[in-house]
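Chemist: next input, structure requested:
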Amino acid sequence: MLKAITPLKTGRCSYCRIVTAVLLLLTIPAAEAGDFQYYVVGNSDDVITDTGGLLVLQGGGTDVDENYVRMGELSGGGDFLVLRASGGDGYNDYIMKLCRCDSVETIVFESREAAFDEFVIKKIRNAEALFIAGGDQSRYVRFWKGTPVEDAIHSVAAKPAPVGGTSAGMAILGQFAYSAMSDASLVSSTALADPFHHDLTIESGFLNLRGMKNIITDQHLIERDRIGRTVALLARLVNDGFTEQGRAIAADRETSIHIDPATGEARVYGTSDHPTPYVYMLRTTGEPAICERGQALSIADVDVYRLSIDSTFNLKTWDGKGGIAYSFSVESGVLSSSRGDIY
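Modeler: This is a model prediction of the structure:
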């Protein structure tokens with residue numbers, strides 16, 4: 001059986017809401033106990049609307065309202081689905097107020113088995129907007145990679161329709177991902193001191209979204225001092241032959257970047273409480289000088305373009321306007337910036 005479900009909030013009488021919830025429980029295919037939870041606000045029936053493509057990547061923290069306003073608009077007011085691997089239905093009412101959609105639904109995965117459930121797959125494929133919540137990205141990789149969920153996410157993006165994620169949800173949207181498979185979150189000092197440390201885990205062959213080729217993402221960048229780990233991840237991508245040129249999109253908390261997957265055009269949004277919302281676009285210019293197990297990393301001239309609210313960027317041409325261009329380098333595990341104290 002499904003583990004939990006909320007009554008529909010449709011503005012009808014209490015009796016009608018109870019009857020609707022009971023009917024929904026009777027008609028939803030059952031999952032094995034503990035596989036997933038399902039919550040819905042609005043109309044649980046499927047609708048079909050005209051949609052447009054958008055990628056929304058947020059670096060974690062307090063959600064940026066504009067994420068859900070724009071995703072709602074490009075969903076055509078259809079069904080908005082949130083995927084998570086922990087938590088509950090906290091997004092439903094919040095997103096519904098912003099997106100003006102037919103429904104907002106949440107599926108919380110509690111096992112890999114849920115990724116093969118027909119009800120779950122149908123809900124994902126029928127979504128007109130899809131958002132992946134924060135938490136632990138290793139659970140997303142373990143639960144979804146190589147399952148019908150992976151294919152269903154691709155089908156939503158290919159409609160095209162809006163797809164987004166925050167924190168762990170953002171982490172898995174690139175062609176490559178820091179998968180966080182160890183017991184500890186990778187920190188910059190560890191990654192720079194040894195780019196083959198067991199905490200540095202990279203996933204490839206998972207999601208393959210238009211506009212995200214050769215890209216790895218990082219989150220909570222300034223807040224948690226993760227710039228060094230982003231550079232180390234890029235060095236490993238090139239060193240290990242994942243790609244000839246590594247690229248990264250790294251966002252700070254309360255900051256999101258919206259990307260048109262067709263044109264590559266992107267711009268940054270933030271919350272009113274975060275005065276300096278930055279997104280960093282990084283690109284390697286060559287192979288690392290030293291990237292070996294047990295040795296400190298050395299790599300020269302990683303291009304950086306720092307975006308803020310008033311700047312734009314194009315991922316196809318990999319250049320921007322209104323931001324700041326500079327570079328990073330690492331010598332014997334020590335990160336430095338060509339702009340001195342600017343990071």
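Chemist: C-alpha only now, for contacts and for neighbours.
Modeler: OK.
Chemist: any stretches of the chain with poor pLDDT?
Modeler: Residues of the chain that meet the criterion pLDDT under 70 lie in 1-34, 342.
Chemist: again, only this time at 50
Modeler: 1-33 (pLDDT under 50).
Chemist: helix or strand for the residue positioned nearest the centre of the chain, which one?
Modeler: The chain has Met170 as the residue nearest its centroid, 1.7 Å off, counting by CA atoms, centre = their mean. Following DSSP states H and E, one finds Met170 within helix 168-171.
Chemist: dump that helix to CSV, keeping only the CA atoms.
Modeler: What follows is helix 168-171, C-alpha atoms only, in CSV (Å, rounded to 0.1, in the frame of the first residue of the first chain):
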residue,chain,number,x,y,z
ALA,A,168,21.1,17.4,-4.3
GLY,A,169,18.5,17.8,-7.0
MET,A,170,20.8,20.2,-8.9
ALA,A,171,23.7,17.8,-8.3
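Chemist: picking up where we left off before, host element of the nearest residue to the residue nearest to the centre of the chain once chain neighbours are set aside?
Modeler: Closest residue in space to Met170, ignoring its immediate chain neighbours: Leu57 at 5.3 Å, by CA to CA, 6 or more residues apart in numbering. In this structure, Leu57 sits in strand 54-58 according to DSSP H and E.
Chemist: by contact count, what packs against that strand?
Modeler: In terms of contacts (3 or more CA pairs under 8 Å, 6 or more residues apart in numbering; DSSP states H and E), strand 54-58 is packed against helix 65-74, strand 162-166, strand 255-259.
Chemist: quick one: closest of the ones you listed to Ile249.
Modeler: With CA to CA as the measure, strand 255-259 is the member of the helices and strands packed on strand 54-58 nearest Ile249 (9.0 Å).
Chemist: could you point out which element follows the closest one?
Modeler: Sequence-wise, the next helix or strand downstream of strand 255-259 (DSSP H and E) is strand 265-270.
Chemist: any chance you could list what contacts that following strand?
Modeler: 64, 66, 254-260, 277-279, 307-315 (CA atoms under 8 Å, 6 or more residues apart in numbering).
Chemist: count of residues packed around Thr62?
Modeler: A count of nearby residues for Thr62, using other CA atoms under 10 Å, gives 15.
Chemist: any figure for the gap between it and Arg142?
Modeler: 26 Å (CA to CA, to the nearest Å).
Chemist: contact partners for Asp273?
Modeler: When the contact criterion is CA under 8 Å, 6+ apart, Asp273 has no partners at all.
Chemist: host element of it?
Modeler: For Asp273, there is no helix or strand it lies in under DSSP H and E.
Chemist: helices along the stretch 51-200 of the chain, start to end?
Modeler: 65-74, 90-99, 118-125, 137-144, 148-157, 168-171, 188-193 (DSSP state H, counting those that start in this stretch).
Chemist: out of these, deepest packed?
Modeler: helix 168-171 (a mean of 28; mean count of other CA atoms under 10 Å).
Chemist: counting by contacts, list what it packs against.
Modeler: Helix 168-171 packs on strand 129-132, helix 137-144, strand 215-218, going by 3+ CA pairs under 8 Å, 6+ apart.
Chemist: how close does Gly264 get to Trp318?
Modeler: To Trp318, Gly264 is 9 Å away according to CA to CA.
Chemist: before we move on, the earlier item: in CSV: the helices and strands packed on helix 168-171, plus distance to Ser327.
Modeler: CSV is the format used below for the helices and strands packed on helix 168-171 (distance: least, CA to CA, whole Å):
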stretch, distance to Ser327
strand 129-132, 31
helix 137-144, 29
strand 215-218, 17
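Chemist: which stretch among those comes nearest Ala115?
Modeler: helix 137-144 (6.1 Å).
Chemist: what is the neighbour count of the residue nearest to Met170?
Modeler: Neighbours of Leu57 (other CA under 10 Å): 32.
Chemist: and it, what does it touch?
Modeler: 164-166, 170, 256-258.
Chemist: hang on, Tyr39 packs against Phe109?
Modeler: No. Contact between Tyr39 and Phe109 fails when scored by CA atoms under 8 Å: they sit 11.9 Å apart.
Chemist: more crowded one of these two?
Modeler: The neighbour comparison of Tyr39 against Phe109 (other CA under 10 Å) goes to Phe109, with 24 against 21.
Chemist: how about Ala152: what's its closest non-neighbour residue?
Modeler: Nearest residue to Ala152 in three dimensions, chain neighbours excluded: Arg125, at 5.3 Å (CA to CA, 6+ apart).
Chemist: any idea how far Asn314 is from that neighbour?
Modeler: 29 Å.
Chemist: ditto for Thr263
Modeler: Thr263 is 8 Å from Asn314, by CA to CA.
Chemist: more neighbours, those two?
Modeler: Ranked by neighbour count (other CA under 10 Å), Thr263 and Asn314 place Asn314 first, with 16 against 12.
Chemist: quick one: that one from Thr51, how far?
Modeler: When distance is defined by CA to CA, Asn314 is 22 Å away from Thr51.
Chemist: neighbours of the closest residue to Ala193 other than its chain neighbours, how many?
Modeler: Of all residues not flanking Ala193 in the chain, Ala296 sits nearest, at 4.3 Å (CA to CA, 6+ apart). By the criterion of other CA under 10 Å, Ala296 has 21 neighbours.
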